[in-house]
Every structure is written in structure tokens, then in C-alpha cells.
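J.: sequence first, predicted model second:
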Amino acid sequence: MRRIITVIQSRRFRRVLLVCFVLLFLFEIGLAASIHVFGLSDYTRPVDAIIVLGAGLNPDNTPTPSMIRRADHAAALWQQGIAAHIICSGGYPGRATVSEASACETALLAAGVPASAIILEEASRSTEENALETHTIMQANGWQTAVIVSDGYHLLRANWLFQMSGVTAYPSPVTESYPTLTEYMISVLREIAALHWQVVKEIFGFQITYIRGL
């Protein structure tokens, strides 16, 4: 009799486990869909500043294709008169001797934006620190609103973090020369992991603003 009860309990446990797994899977699919859909919308409007989020560096310290895409998009917005200034946000990844912000400036200059319109934020190492550090710059200049430029998959989390930091943010996704499907899927998975981590941080009040890879 005990064996029968144990078998029944074991089956119930497996069913509950399966249901939980399916629900979790559906939730993650929904989150991935939200990341994708949010990244398709452009909320550009006249603001105090355009903020370009860092996108790593090539081994020779030159801008990556993603950084060039973002800088070119920001340059186009600047030329449209969306804002008079562009903030390039990003510190020194790994052992790089050039900051992401400096690489962004290089790309902006090549796109025709004058140095006088570019402000460098070179202290941040993560999207959260992008938000915190650029907010400090904006406060010093009396600015409150900004268009946030990044690849679409990045903007759901970036918008959340900038809004929490006190910046009134309007996301503007890069659409030209998008990454390959594989690169895009990897980036979305990384965003899902980063969003989960951010929720855990908020729940437990962790003050960590940088984890390598997120």
C-alpha cells in the first residue's frame, strides 16, 4: 500500500514539475517576444540629449560594427535636430586602452558630428551604470529628457534602467544592417538573463551594478 501511495505521489510530483516547466517556458517565450516587439518601436522626439550606449570594441580598439550602427543612427538623429548634444556612454571593456565612449566619438566624427556636440561618459561598465553615469552628466547640464540609441533587443531593459535612474527616456532602435539571426537570438537570451538578474537585484536590494557578461 505504501508503495502504491509513493508511486502516486511521485507521479503527481512529476506532473507538477512538468506544469511548472511548461509555464516557465511560456513565460520566457513571452519575455523574448516582449523584448523583440519593444525593440521595433521608435519613440524619437525632440529632447535635451541623445545617448548612445556602448557596444564593445574590436581587439585593435576600433569601434565594433554594432557601435558604428548606433553612432550612425545617433548622427542621423542629431542631423534631424532631435538634440544638440550626443552623450557617448561606455567605459573600458576588459584590457582595452580606449573606452567605448571614445570609440563612439570616433564613429560620430566620421559621420559628420562635430566634437563640440559630443560628450563622453567613460566610467560605466554595464547598462545600469550607463544610466546612472549619464544621469549625473544630464543633471549637471540641467537636462531631463533623452533619446536612448541602441540595438532593438537592448532597449526594453535600457529604457527600464534609465527611467529608474531619473532620466525621461525615449528609445530609438538601430534598424540598419541588423545582426545575423544567430547573433540576435544570443543577444535576446542575454537580455532575458539580465532582466531576471535586475528583478532579483530589486527584490533583495543588491547594490551590485556590474556583472561581467550582463
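T.: Received, thanks.

J.: only C-alpha atoms for contact and neighbour calcs from this point on.
T.: Will do.

J.: residue boundaries of the helices in this structure?
T.: With helices called from DSSP state H, the chain shows them at 2-38, 65-79, 100-110, 127-141, 155-165, 181-204.

J.: pick the most deeply packed of these.
T.: helix 100-110 (a mean of 24; mean count of other CA atoms under 10 Å).

J.: what is that helix packed up against?
T.: Packing partners of helix 100-110 (3 or more CA pairs under 8 Å, 6 or more residues apart in numbering; DSSP states H and E): helix 65-79, strand 86-89, strand 118-121.

J.: out of the ones you listed, which gets nearest to G54?
T.: strand 86-89 (5.7 Å; CA to CA).

J.: pLDDT-wise, which helix or strand of this protein ranks last?
T.: Every helix and strand of the chain was ranked by mean pLDDT, DSSP states H and E. The lowest is helix 2-38, at a mean of 81.

J.: compute the distance between the residue positioned nearest the centre of the chain and P114, please.
T.: Nearest to the geometric centre of the chain sits H154, at 3.6 Å (CA atoms, centre = their mean). Remark: distance between H154 and P114 (CA to CA, to the nearest Å) = 27 Å.

J.: contacting residues around the residue nearest to the residue nearest to the centre of the chain when sequence neighbours are not counted?
T.: Once flanking residues are discounted, H154 sits nearest to E191: 6.8 Å by CA to CA, 6 or more residues apart in numbering. Contacts for E191 (CA atoms under 8 Å, 6 or more residues apart in numbering) come out as Y153, H154, R157, L214.

J.: tell me the contacts of the third one?
T.: For R157, the residues meeting the contact criterion (CA under 8 Å, 6+ apart) are E191, L195.

J.: can you list the low-confidence ranges for this protein?
T.: By pLDDT under 70, the low-scoring segments of the chain are 1-9, 176-179.

J.: pull the CA atoms of stretch 108-127 into PDB?
T.: Below are the C-alpha coordinates for stretch 108-127, written out as PDB (Å, rounded to 0.1, in the frame of the first residue of the first chain):
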ATOM      1  CA  LEU A 108      30.300  60.000 -34.800                       C
ATOM      2  CA  LEU A 109      33.100  62.300 -36.100                       C
ATOM      3  CA  ALA A 110      33.300  60.000 -39.100                       C
ATOM      4  CA  ALA A 111      29.600  60.500 -39.600                       C
ATOM      5  CA  GLY A 112      29.900  64.300 -39.600                       C
ATOM      6  CA  VAL A 113      29.000  65.200 -36.000                       C
ATOM      7  CA  PRO A 114      31.400  67.900 -34.600                       C
ATOM      8  CA  ALA A 115      33.400  67.300 -31.500                       C
ATOM      9  CA  SER A 116      31.700  70.200 -29.800                       C
ATOM     10  CA  ALA A 117      28.400  68.300 -29.900                       C
ATOM     11  CA  ILE A 118      29.800  65.100 -28.300                       C
ATOM     12  CA  ILE A 119      30.100  64.400 -24.500                       C
ATOM     13  CA  LEU A 120      32.000  61.300 -23.300                       C
ATOM     14  CA  GLU A 121      30.900  59.200 -20.300                       C
ATOM     15  CA  GLU A 122      33.800  56.800 -19.800                       C
ATOM     16  CA  ALA A 123      33.100  55.400 -16.300                       C
ATOM     17  CA  SER A 124      30.300  52.900 -16.900                       C
ATOM     18  CA  ARG A 125      30.700  49.100 -17.400                       C
ATOM     19  CA  SER A 126      27.100  48.000 -17.700                       C
ATOM     20  CA  THR A 127      23.700  49.300 -18.900                       C
END
